[in-house]
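Visitor: My questions concern the predicted model and sequence given below.
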Amino acid sequence: MENDKKGFREKKRVLFFGLPWTFTWYIIGEELLTVKRGLLKTVEDDCYMYKVQDVKMTTTLAERIFGLSTVICYTGDTTDPQISLTHIKNAREIKSFILEASEEARRRRRTMNTLDIGTIEGDDL
């Protein structure tokens with residue numbers, strides 16, 4: 001994992017021994033979360049940090065054995081409402097960074113994260 005004060009760069013790992021033999025990169029910056037996949041055909045998907053609404057970290061028994069975890073980001077992005085950073089090292093720090101960076105990005109853009117709970121129609125007030 002590469003870590004600087006502007007973000008993280010992590011590679012998806014194979015669950016067996018936690019070796020980075022896959023062709024998936026996660027680049028987590030202060031403004032953007034990028035997932036790059038593929039060897040011959042590459043796909044790059046971006047999500048602005050201000051769209052990240054919630055973050056969850058899960059760890060299976062096999063992941064715990066090899067020091068890995070999965071971070072799941074729930075976003076307001078239309079192409080990827082759920083972005084999974086699968087089998088990564090230092091997931092707790094990455095999760096904390098994403099939470100802080102997304103909150104800061106919302107403050108800079110002056111946006112709010114709200115939940116639609118429905119509306120009351122008519123004179124039922």
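Guide: It's in.
Visitor: Give the helix, strand or coil label for the closest residue to Thr111 other than its chain neighbours.
Guide: Nearest non-adjacent residue to Thr111, counting by C-beta to C-beta, 6 or more residues apart in numbering: Tyr50, 5.6 Å away. (C-beta placed from N, C-alpha, C; glycine too.) With DSSP: H, G, I helix; E, B strand; the rest coil as the basis, Tyr50 sits in helix.
Visitor: surely Tyr50 meets Ile98?
Guide: No - in this structure, Tyr50 is not within contact of Ile98 by C-beta atoms under 8 Å, at 11.7 Å.
Visitor: joint contacts of these two?
Guide: Overlap of the contact sets of Tyr50 and Ile98 (by C-beta atoms under 8 Å, 6 or more residues apart in numbering) is empty.
Visitor: For this structure, just list every one of the strands.
Guide: Assigned by DSSP state E, the chain shows strands spanning 2-4, 7-11, 24-29, 32-37, 43-48, 52-58, 69-75, 82-88.
Visitor: of those, which approaches Phe17 most closely?
Guide: strand 82-88 (11.0 Å; C-beta to C-beta).
Visitor: avg pLDDT for the closest one?
Guide: Per-residue pLDDT over strand 82-88 has a mean of 94.
Visitor: residues contacting the residue nearest the centre of the chain?
Guide: Closest to where the C-alpha atoms of the chain average out (C-alpha atoms, centre = their mean) is Cys73, at 4.1 Å. By C-beta under 8 Å, 6+ apart, the residues touching Cys73 are Leu33, Cys47, Val52, Asp54, Val55, Gln82, Ile83, Ser84, Leu85, Ile98.
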